[in-house]
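Asks: Got a predicted structure plus its sequence, pasted below:
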Amino acid sequence: MGIMSFHQTSYSDYDSQSHSGHLQANLPTLCSQPSLPSVPFLTSKPHHRHQEILSTTHHHCVATLKGHSSYISSLTLAGKFLYSGSDKEIRLWKRNPLDSEIDQENLSNNVVAVGNGAVKSLVVLAEKLFSAHQDNKIRVWKTNNQESTSQQKYTRLATLPTLGDRAFKSLLPRNQVQIRRHKTCTWVHHVDTVSALALSSDESHLYSVSWDRTIKIWRTNDFKCLESVANAHDDAINAVALSNDGNVYTGSADKKIKVWRKSSEENKHFLVATLEKHMSGINALALSTDGSVLYSGACDRSIVVWEKDDDGNMVVLGALRGHTQSILCLAVVSDLLFSGSADKTIRIWRGVDRSYSCLAVLEGHGGPVKCLTASIDRSSSDASLLLYSGSLDCDIKVWQINVPLL
């Protein structure tokens, strides 16, 4: 195993400080990168269908969920519920705030789990909730299926790496890695913030990435760490996305996206390709539903669109521009792309014949938009969509969006 060094400064590290006023003061410095002059502008020639879509797209904020006392750092949907993570705590909300069964008076008591360090990412698998934290740990919680969002307290099943995994690995010297001078630990440990989590398509494995520049793969049934890709990037890894075809995409503050696959012979991940177009740290990745298009958002204020060619390689299609500061988060639902930015806005994008339009700009947050998740209802001819956004203003906003299906 090679030497593992701590990450010093992440381009997306608005989280290391808790006062939003101080954060705002730092944003211009972090978000002043030029906006990819060498990448073609995908919205320069609007498709004839765009005007029809724009004229029939409607949106409004249906609710603002309050209760967190710190910035919102992660969101995920599961069943009838929305999970949100902030500084140490995880809260549970009704997925649809317009549900008449919701008890507004109990929303301030909906803390279901408390760990250590900001909750950077959340993943739900059956009755297990995985949370990634700024204290270098992944925690696993046992959920329950009660209808009430209040008075639910989840049981912690494990902290990764588990005690058994740590103890077993520590017995052999070859399992030790040096993390700084005169200090070692086993390779199953993350030694800096765990920034993102993702489940494999068959849900048997959990992938974690960290500011320590490693990728780790965990078995979801017993929480064992199966593999660690050391020095996967030259700087902090901020994002991970998994495709159904087995490709693993990681985005880093080193300005690179790397593509990984598991070798069937050695059962280990190897580097397939390195994608380089961004001019600053990459904060977010998202894949289209079929995995043929990859979106990457960075501090250069651009979203680069990568498309799989006939040989299965990701090549640059172009860039989406419009945000005035860093892209902090991305989400895909159906053929819609959502982007959240340090400029406090959310943009909705749709592509037709490789030409993209910004369908709407959602304004209302008082701070940078740090995380997004969404769900769509296809029960009518128009797609009624609920979009959830978490911000450094400590609020979660729920947006109802009606857009015609293509």
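Replies: Received, thanks. What you see is a predicted model; the values in this text were computed from it and never measured.
Asks: going forward, measure contacts between C-alpha atoms and count neighbours the same way
Replies: Noted.
Asks: Output the below-cut-off pLDDT ranges for the stretch 151-300 of the chain.
Replies: Under the criterion pLDDT under 70, the flagged ranges of the stretch 151-300 of the chain are 151-152, 168-176, 178-183.
Asks: repeat that with 50
Replies: In the prediction, the stretch 151-300 of the chain carries no residues with pLDDT under 50.
Asks: Next, Asp192: phi, psi?
Replies: Reported as degrees, to the nearest 10, the phi and psi values for Asp192 are phi -150, psi 180.
Asks: Wait, it touches Asn136, no?
Replies: Yes - counting by CA atoms under 8 Å, a contact exists between Asp192 and Asn136, whose distance comes to 4.9 Å.
Asks: count of neighbours near Gly117?
Replies: Burial measure for Gly117: 18 neighbouring residues, criterion other CA atoms under 10 Å.
Asks: er, Ile257 I mean
Replies: 25.
Asks: Likewise for the one 10 residues further on?
Replies: Look at Asn267: counted by other CA under 10 Å, it has 11 neighbours.
Asks: what do you get for Leu98?
Replies: For Leu98, the neighbour count with other CA under 10 Å is 10.
Asks: Just list the residues touching it, thanks.
Replies: Leu98 makes contact with Val62, according to CA atoms under 8 Å, 6 or more residues apart in numbering.
Asks: secondary structure element for Asp165?
Replies: With elements delineated by DSSP states H and E, Asp165 resides in helix 163-170, which encompasses its position.
Asks: Leu294 too?
Replies: Using DSSP H and E, Leu294 maps to strand 293-298.
Asks: name the helices or strands packed onto the following helix or strand past that strand?
Replies: Towards the C-terminus, the helix or strand next in line after strand 293-298, according to DSSP H and E, is strand 302-308. Based on contacts counted as 3 or more CA pairs under 8 Å, 6 or more residues apart in numbering; DSSP states H and E, the elements that strand 302-308 packs against are strand 293-298, strand 314-321.
Asks: run the last query once more with 10 Å
Replies: Where contact means 3 or more CA pairs under 10 Å, 6 or more residues apart in numbering; DSSP states H and E, strand 302-308 is packed against strand 282-287, strand 293-298, strand 314-321, strand 327-333.
Asks: mean confidence for that strand?
Replies: For strand 302-308, mean pLDDT is 96.
Asks: quick revisit: and the strand holding Leu294, what does it pack onto?
Replies: Partner elements for strand 293-298 (3+ CA pairs under 10 Å, 6+ apart): strand 237-242, strand 248-252, strand 282-287, strand 302-308, strand 314-321, strand 327-333, strand 336-341.
Asks: Would you mark the buried spots in the longest one?
Replies: Neighbour-count burial for strand 314-321 flags Met314, Val316, Leu317, Gly318, Ala319, Leu320, Arg321 (criterion: 16 or more other CA atoms under 10 Å).
Asks: any chance of the residues you listed in CSV, plus distance to Lys277?
Replies: Rendered in CSV, the data for those read as follows (distance: CA to CA, whole Å):
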residue, distance to Lys277
Met314, 12
Val316, 8
Leu317, 11
Gly318, 10
Ala319, 10
Leu320, 13
Arg321, 14
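Asks: Name the residues contacting each of Asp192 and Asn136.
Replies: With contacts defined as CA atoms under 10 Å, 6 or more residues apart in numbering, the residues adjacent to both Asp192 and Asn136 are Ser210, Trp211, Asp212.
Asks: How many residues are close by the residue nearest to the second one when sequence neighbours are not counted?
Replies: The spatial neighbour of Trp211 that comes closest, neighbours along the chain excluded (CA to CA, 6 or more residues apart in numbering), is Ala236 at 3.9 Å. Counted with other CA under 10 Å, residues neighbouring Ala236 total 33.
Asks: swap in Phe81?
Replies: Applying other CA under 10 Å, we find 17 other residues in the vicinity of Phe81.
Asks: With Asn109 instead?
Replies: For Asn109, the tally of surrounding residues (other CA under 10 Å) stands at 14.
Asks: Wait, it touches Ile90, no?
Replies: No - with the criterion set as CA atoms under 10 Å, Asn109 and Ile90 do not qualify as a contacting pair; they are 11.2 Å apart.
Asks: need the contact list for the nearest residue to Arg347 once chain neighbours are set aside.
Replies: With CA to CA, 6+ apart as the criterion, Arg347 has its nearest non-adjacent residue at 4.6 Å, and that residue is Val361. The contact partners of Val361, taken as CA under 10 Å, 6+ apart, are His59, Gly322, His323, Phe338, Ser339, Thr345, Ile346, Arg347, Ile348, Trp349.
Asks: sorry, back to before: can you name the two of the buried residues of strand 314-321 that are farthest apart?
Replies: Taking every pair in those and measuring CA to CA, the maximum separation is 20.0 Å, between Met314 and Arg321.
Asks: Which of the three states applies to Arg347?
Replies: Judged by DSSP: H, G, I helix; E, B strand; the rest coil, the three-state class of Arg347 is strand.
Asks: ok, it - contacts?
Replies: Each residue near Arg347 by CA under 10 Å, 6+ apart is listed here: 322-323, 330, 337-341, 358-363.
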